[in-house]
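> with the sequence up front, the predicted model follows.
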Amino acid sequence: MRLIIALIVAAGALSACNSQSPPPAPPADQTAAPPAADQTAPPPADQTAQAPAENPAESNVSEETYTPPPPQQVVSVYQDAPDAQPPPEEIGWAPPPMLVEPPPPPPGPQYVWTGGYWGWYGNWVWIYGRWAPPPRPGYHWVQPYYEHRGPHVVYVGGFWGAPNVSFVAPGIGLSLTLAVPLPGIQPGPPPMGPEGIFVPPPPGSRFGLIVPAPIGTPPAVVIGAPPVIAVGMRISNTNISNTNITNTTINNTTINNTTVNNVTIEAPASATANHVAVNARVPAVAHLAAAQTPVVRVPAPAPTSAKPLAPYTAGHPVSLPPPAVVHAVVPAELTRPRAEAAAAPEAARGAPPAAARGEPAARPSVPAARPGEPAMRAGEPQPAARPASGANAAEERAAQQRAAQEAEAKRNAEQQAEAKRNAAQTAAERSKQQQEAAAEAKRNAAQAAAERSKQQQEAGAEAKRKAQEQAEERSKQQAAAAEEAKKKAAEAAAAKKAADEKRKEAQEHKPPPQ
């Protein structure tokens, strides 16, 4: 009888132990809920999502939720591109992300695709792309130029270059006046990224971000890349042909005959909206780059007027057409993390368990006894009680949030270190360019001084020679005049003598008076 009672008590204890299951675990890709003190506050737009993972090493991975861009008002125009390099403009904020504009088939082999890109007309205006023939034989199309310099953007619009004319990048020491936006234009965010030459980011990216790129890169190369939500995407040359850099002075740098056939786009997973690293080779030919399939499609609106605008000139505003509203077409895989992020606050506010919603219950976090381990018997000391289910979930959420914050801090530190390295490299390159330019200017000044000294010496010798010739000429003239005077005096004396002799003879033959 005692044995039967002991067995009944042991069975009851085992049943009680196995009936204490924790609350259902969130799905593997669910966004972490906020701490208990913030359960009533909605998650911010740029909330960092942390997915619980089976592998503890994955708990430190923090992914920023992608926020689709809001509807955007875009002024789209045709531009009558100049046939000479326009002056640079200094602008206070970055151009928006690129728009999608697949080019139609070319009308003929001599036509060149000249768009689309962001240009400046008192505001960033979309210069609609089109196939256009060169204005004169031998002319080539020069891509627009964007440079992050200090807190601003230095911009040079696209233009037609003559056969023997190359693009001249604005000099580092060049003094520019900050462009004045049109009335009512609200400036956008400043450029975010390392200083230097860049192109706008892919369609659907966060406003203000820039993508470092080599000089002469068509902006459309980023069309097929995923949107970026943080600094990190960059473009590098895959192969370049016919490159020659000349005429480096303190004010400008001339790039001659640069042809970029392909470029490589690289970005870490922390910078892209889909949290996937990018390492892709894309064509650098403008119309091929513009024909790529976009990840986020933000279509460029066609201009409302077929009349092209004249090139921008500071102080001479032009009449712009009204803006058109464009909407981004975002694939579901980019917006799903945002939808799942809203599920965590709902569960924290007391949402019904998975079983009540008809979903399969989560597996218990307390496993049954493993083979080889003795079962608990009545009267033996029980293991330490696990925390209550609510406290356990709060601790897990706090730990996840701490891990997300640590990962975010680590990522920010890496980005800051990368930005600092890029800034140092840019400063070193700039210092080297300035030193080379100063040395070149010094050599040019010495050559100019030597040339001036030589010219002055030659001019002095020439003046001396002319003065000597003039003196000799005057001496000759004076000698000739003296000789002439002497001759005249002799002739006068001879004439007087002859007259005297004749008079004397006349007196001698005169008859005596009667």
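It's in.

> so where's the stretch 201-350 of the chain shaky on pLDDT?
239-260, 336-350 (pLDDT under 70).

> ok, now with 50
Along the stretch 201-350 of the chain, the model assigns pLDDT under 50 to residues 240-258, 338-350.

> ok, the stretch 401-514 of the chain next?
In the stretch 401-514 of the chain there are no weaker segments when pLDDT under 50 is taken as the threshold.

> redo that, cut-off 80
Applying pLDDT under 80 to the stretch 401-514 of the chain flags the ranges 401-434, 437-438, 441, 507-514.

> can you map out the helices along the stretch 301-450 of the chain?
In the stretch 301-450 of the chain, the helices defined using DSSP state H, counting those that start in this stretch lie at 332-341, 343-348, 389-508.

> what's the closest of those helices to P226?
Each of these has some distance to P226 by C-beta to C-beta; the shortest is helix 332-341, at 8.1 Å. Using the backbone N, CA and C atoms, a C-beta is placed for each residue, glycine as well.

> ok, W93 - contacts?
153, 187-191, 208 (C-beta atoms under 8 Å, 6 or more residues apart in numbering).

> now, of those residues, which are buried?
153, 188, 190-191, 208 (16 or more other C-beta atoms under 10 Å).

> ok, the residues you listed vs A424, which is closest?
For the buried ones among the contacts of W93, the nearest to A424 is P191 (18.1 Å; C-beta to C-beta).

> what's the closest one sitting at in phi/psi?
P191 has phi and psi values of phi -60, psi 130 when expressed as degrees, to the nearest 10.

> now for it: which residues touch it?
The neighbours of P191, taking C-beta under 8 Å, 6+ apart as the test, are 93-94, 148, 151-153, 198, 208, 210.

> before we move on, back to that, out of the helices of the stretch 301-450 of the chain, deepest packed?
The highest average neighbour count among these, using mean count of other C-beta atoms under 10 Å, belongs to helix 343-348 at a mean of 17.

> thinking again about what came up before, so for P214, which of the helices of the stretch 301-450 of the chain sits nearest?
The nearest among these, by C-beta to C-beta, is helix 389-508 at 13.5 Å.

> now for that closest one, which elements pack on it?
Using 3 or more C-beta pairs under 8 Å, 6 or more residues apart in numbering; DSSP states H and E, the elements in contact with helix 389-508 are strand 48-49.

> in three-state terms, label Q73 for me.
Classification of Q73 by DSSP: H, G, I helix; E, B strand; the rest coil places it in strand.

> quick check, it in contact with V325.
Yes - the criterion here is C-beta atoms under 8 Å, and Q73 meets it with V325 at 5.7 Å.

> which residues do those two both contact?
Common neighbours of Q73 and V325, using C-beta under 8 Å, 6+ apart, do not exist here.

> low-confidence ranges, the stretch 1-150 of the chain, go.
For the stretch 1-150 of the chain, the stretches with pLDDT under 80 are 1-65.

> could you pull out the strands for it?
48-49, 63-64, 72-74, 76-77, 89-91, 112-113, 117-120, 124-127, 131-132, 140-142, 145-149 (DSSP state E, counting those that start in this stretch).
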